[in-house]
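Participant: Give the three-dimensional model of this entry:
(chains A and B)
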2 protein chains.
Amino acid sequence: MPDLSMSSQPSRNLGTVALKWHGDRLDLLDQRQLPHHENWLSLDTAEGVGRCIGDMVVRGAPAIGISAAYGVALAARQVTDEHWQSQIRSAIETLAKSRPTAVNLFWALSRMTSVLAGCDSAAEAVARLTETAVAIHQEDVAANLAMADHALAVMDDPGRFSVLTHCNTGALATGGYGTALGVVRRLHEAGRLHNVFADETRPWLQGSRLTAWELARDNIPVTLNSDSAAASILRQGEVKWVIVGADRITANGDVANKIGTYSLAVLARYHRVRFMVVAPSSTVDMALASGDHIPIEERDGRELLEVQGTPVAPRDIKAYNPVFDVTPASLIDVIVTERGAVSAPGVAAMEHLFGASRKAF
Amino acid sequence: MPDLSMSSQPSRNLGTVALKWHGDRLDLLDQRQLPHHENWLSLDTAEGVGRCIGDMVVRGAPAIGISAAYGVALAARQVTDEHWQSQIRSAIETLAKSRPTAVNLFWALSRMTSVLAGCDSAAEAVARLTETAVAIHQEDVAANLAMADHALAVMDDPGRFSVLTHCNTGALATGGYGTALGVVRRLHEAGRLHNVFADETRPWLQGSRLTAWELARDNIPVTLNSDSAAASILRQGEVKWVIVGADRITANGDVANKIGTYSLAVLARYHRVRFMVVAPSSTVDMALASGDHIPIEERDGRELLEVQGTPVAPRDIKAYNPVFDVTPASLIDVIVTERGAVSAPGVAAMEHLFGASRKAF
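Facilitator: The predicted structure follows:
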């Protein structure tokens, strides 16, 4: 397992991390079963990792990217003959089909593909792909810690205040610490956090099942609310920031994130509450001009017709279940990445930090 | 049972009504168990009816008012001695405590109290209170039919269009036909409805469990969506109106309704989608100057921690569960009652239709 103790910051609590690398296998905490059961799945094939991503055993854009990278490292260990390069490339292609929206997946696979191209033997591929996956994991944690510091520098509110968040962007969704929830952790560490309102985040209930669980474990004050109560909460004035993560950020600063994020951005603007997006640079896709081009995953309508296997609607009712939405840059006050904070995001500011044409996988 | 066939409109389908009066008992369809089980409860006491209102066996502001009126009629049948008037008044007081927000409850009890005051014997009370409860029920259905006609006259959109609704405001929530869902029925009857998007309406899932069920039974096209997807749906342009009911409308046109209504009103205004509130005049409370004075019911946080008895969050997490919110009149394009439609509602327009000082219970 990589050393993620961040020796320069020995006391930092990274939260409950849901993926563990053991050199020859990847263990994933099955997030579908949280908070009731803490079951770990052990994966030693790329196919297995791909299925875990598709089935949402592991979720959260950065955690998906890290898992996919480890999946490629596992593929390298599986090769059987002189066709090792095409076998690994084929595994990469399979992993790329596991989910469509989060760009971190494609970013990680692109990086692994580049490393693979420079390998001269299967043994070298095993070593270098493993090393790269570990680096992607460690860099993600370092990015989260850096983003939290950048975010706090932007938040000029006096005294302790409350924030509202959506979905889960914590240790569970990343290599550790979290993106938006990393900012929450940092606010709490700094004594500036009054309370976190957590949207329950239907249909998958990442807020109830994951965010509330993760924050409560670390004694960070959290209050759960239905997604549709967020407007009333913002109206009450206690919440100063809505803080969310991202699954893809395009060249103009548009943000794809969990369904309901766009709704919150409109509501935050209406109530003059500031809106912050926190994501590592691996979430930025400078190859897409705007959010109009982001593929939005629609999942099975059953996710709305059942809750944890319990039916809550008539069978065979038509359901519309897009699991992401796109928030235009104009509704975002600040995008925070490990490279710094971008206020009033737009093309120029994004290019300044990320360059003009980074190609996605 | 009262004649609700509306002989002047013999072919009108009133939908699936959830309350049936049998002269000496009130049968209520247990809406907590829909859509999986269609269990009817038979009530012959006011206390039983009060418990059914508090426990949400019956819900929906108009249906609560009607049920409470029948509860008073049952109380009159229960009296034992010469203290019949105080016994009935005591039952009325118990019924008044069953739920706090929907004013139809207090309106119906106030009307029953006035009738009681004019009765000279227990026998007369039984007869006149029963007759009044039946009238309240019949008038509610007539009001729903009238409101649907008023609403359609206001909707000047060409061709067929889609609407979005929240919670359940249909036959189940009223004496029959529905308020906002009555307008949907009427649009469908007139061949003007393309599709109804139904918010699932957490935490109680009235949209999934009741609205989708009720509309599907009557072959009205419905698509279920998570509450947080409404913003994306409104952005797509197919929905021309958001149509909701109300639990209380104050003298300035502010509206208390199911949690999430205020959120939709802000989102509708942002997307230039018109916002209509449909409720009978029994929902209007001219005694309250504005929505700031409406008591907002907070229910047990368990409603967020469990879905149909299945836990979906860690035990003992703090949850904020207001079940109504207040939408300011300024975000409402039209309020429709059986007395007519009020565009751009405000104090003057409300007083014009409802008079200056109607006292609530």
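
Participant: Using the three-state scheme, assign residue A:341.
Facilitator: Here residue A:341 takes the strand state, with states given by DSSP: H, G, I helix; E, B strand; the rest coil.

Participant: burial measure for it, as a count.
Facilitator: 20 (other C-beta atoms under 10 Å in any protein chain shown). For every residue, glycine as well, the C-beta is placed using N, CA and C.

Participant: That one reaches residue A:149, doesn't it?
Facilitator: No: Residue A:341 lies out of contact with residue A:149 (C-beta atoms under 8 Å); the separation is 10.0 Å.

Participant: what residues are shared contacts of these two?
Facilitator: The contact sets of residue A:341 and residue A:149 do not overlap (C-beta atoms under 8 Å, 6 or more residues apart in numbering or on different chains).

Participant: Helices along chain A, start to end?
Facilitator: For chain A, helices defined by DSSP state H occupy the ranges A:46-54, A:61-78, A:84-96, A:103-117, A:122-154, A:180-189, A:206, A:212-217, A:230-235, A:261-270, A:302-305, A:347-354.

Participant: I'd like those as CSV, with mean pLDDT appended.
Facilitator: Listed next are the helices of chain A as CSV, based on pLDDT from 0 to 100:
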stretch, mean pLDDT
helix A:46-54, 98
helix A:61-78, 97
helix A:84-96, 97
helix A:103-117, 97
helix A:122-154, 98
helix A:180-189, 98
helix A:206, 97
helix A:212-217, 97
helix A:230-235, 98
helix A:261-270, 98
helix A:302-305, 94
helix A:347-354, 94
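
Participant: Nearest to residue A:253, out of the ones you listed?
Facilitator: Closest approach to residue A:253 among the helices of chain A is made by helix A:347-354 (5.5 Å; C-beta to C-beta).

Participant: export the helices of chain A to a markdown table and tack on distance to residue B:306 and mean neighbour count?
Facilitator: Putting the helices of chain A into a markdown table (distance: least, C-beta to C-beta, whole Å; neighbours: other C-beta atoms under 10 Å in any protein chain shown) gives the following:
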| stretch | distance to residue B:306 | mean neighbour count |
| --- | --- | --- |
| helix A:46-54 | 27 | 21 |
| helix A:61-78 | 27 | 28 |
| helix A:84-96 | 36 | 19 |
| helix A:103-117 | 33 | 22 |
| helix A:122-154 | 32 | 20 |
| helix A:180-189 | 24 | 26 |
| helix A:206 | 17 | 27 |
| helix A:212-217 | 13 | 23 |
| helix A:230-235 | 20 | 24 |
| helix A:261-270 | 24 | 25 |
| helix A:302-305 | 18 | 20 |
| helix A:347-354 | 43 | 16 |
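
Participant: For these, give me TSV that also has distance to residue B:261.
Facilitator: Putting the helices of chain A into TSV (distance: least, C-beta to C-beta, whole Å) gives the following:
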stretch	distance to residue B:261
helix A:46-54	36
helix A:61-78	32
helix A:84-96	42
helix A:103-117	35
helix A:122-154	33
helix A:180-189	27
helix A:206	24
helix A:212-217	25
helix A:230-235	9
helix A:261-270	13
helix A:302-305	20
helix A:347-354	37
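
Participant: Looking at the ones you listed, which is nearest to residue B:109?
Facilitator: Per C-beta to C-beta, nearest to residue B:109 of the helices of chain A: helix A:230-235, 28.0 Å.

Participant: near chain B at all, that closest one?
Facilitator: Yes: interface with chain B: helix A:230-235 contributes A:230-233, A:235 (C-beta under 8 Å from any C-beta of the partner chain).

Participant: where along the stretch 151-300 of chain A do the strands fall?
Facilitator: Using DSSP state E, counting those that start in this stretch, the strands of the stretch 151-300 of chain A run over A:161-165, A:193-199, A:222-225, A:239-244, A:248-250, A:255-258, A:274-278, A:284-285.

Participant: Output the contacting helices and strands for the fourth one.
Facilitator: Under the contact criterion of 3 or more C-beta pairs under 8 Å, 6 or more residues apart in numbering or on different chains; DSSP states H and E, the helices and strands touching strand A:239-244 comprise strand A:161-165, helix A:180-189, helix A:261-270, strand A:274-278.

Participant: so what's the residue of the stretch 101-250 of chain A found nearest chain B scoring on pLDDT?
Facilitator: Per C-beta to the nearest C-beta, residue A:228 is where the stretch 101-250 of chain A lies closest to chain B, at 2.8 Å. Residue A:228 is assigned 98 on the pLDDT scale.

Participant: My read is that it contacts residue B:227, right?
Facilitator: Yes: in this structure, residue A:228 is within contact of residue B:227 by C-beta under 8 Å, at 4.3 Å.

Participant: ok so, going back, how much space between the closest residue to the residue of the stretch 101-250 of chain A closest to chain B other than its chain neighbours and residue B:160?
Facilitator: Computed as C-beta to C-beta, 6 or more residues apart in numbering or on different chains, the closest residue to residue A:228 that is not its neighbour in sequence is residue B:260, at 2.8 Å. Separation of residue B:260 from residue B:160 (C-beta to C-beta, to the nearest Å): 26 Å.

Participant: How about residue A:55?
Facilitator: For residue A:55, the distance to residue B:160 - C-beta to C-beta - is 39 Å.

Participant: residues touching the nearest residue to residue A:96 once chain neighbours are set aside, list them.
Facilitator: Using C-beta to C-beta, 6+ apart and skipping the chain neighbours, the partner closest in space to residue A:96 is residue A:109 (5.5 Å). Contacts for residue A:109 (C-beta under 8 Å, 6+ apart) come out as A:68-69, A:72, A:92, A:95-96, A:361.

Participant: and residue A:109, how far is that from residue A:215?
Facilitator: Applying C-beta to C-beta to residue A:109 and residue A:215 gives a distance of 31 Å.

Participant: Tell me how chain A divides into domains.
Facilitator: Domain segmentation of chain A under automatic domain parsing yields A:19-143, A:147-354.

Participant: now those domains in a markdown table, with distance to residue B:118?
Facilitator: As requested, these are exported to a markdown table (distance: least, C-beta to C-beta, whole Å):
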| stretch | distance to residue B:118 |
| --- | --- |
| domain A:19-143 | 59 |
| domain A:147-354 | 42 |
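
Participant: Residue B:186: which of the ones you listed is closest?
Facilitator: Of the domains of chain A, the one closest to residue B:186 (C-beta to C-beta) turns out to be domain A:147-354, at 21.7 Å.

Participant: Endpoint to endpoint, that closest one covers what distance?
Facilitator: In domain A:147-354, first residue to last residue: 15 Å (C-alpha to C-alpha, to the nearest Å).

Participant: Now render the strands of the stretch 151-300 of chain A as CSV, adding mean pLDDT.
Facilitator: Formatted as CSV, the strands of the stretch 151-300 of chain A follow (pLDDT from 0 to 100):
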stretch, mean pLDDT
strand A:161-165, 98
strand A:193-199, 98
strand A:222-225, 98
strand A:239-244, 98
strand A:248-250, 96
strand A:255-258, 97
strand A:274-278, 98
strand A:284-285, 95
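
Participant: now for those strands, which one comes closest to residue A:305?
Facilitator: Of the strands of the stretch 151-300 of chain A, nearest to residue A:305 by C-beta to C-beta is strand A:255-258, at 19.4 Å.

Participant: Can I get the closest one in CSV? Just the C-alpha atoms.
Facilitator: Provided in CSV are the C-alpha atoms of strand A:255-258 (Å, rounded to 0.1, in the frame of the first residue of the first chain):
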residue,chain,number,x,y,z
VAL,A,255,-19.4,21.8,-14.5
ALA,A,256,-21.0,18.4,-14.8
ASN,A,257,-21.8,17.0,-11.3
LYS,A,258,-24.4,14.9,-9.5
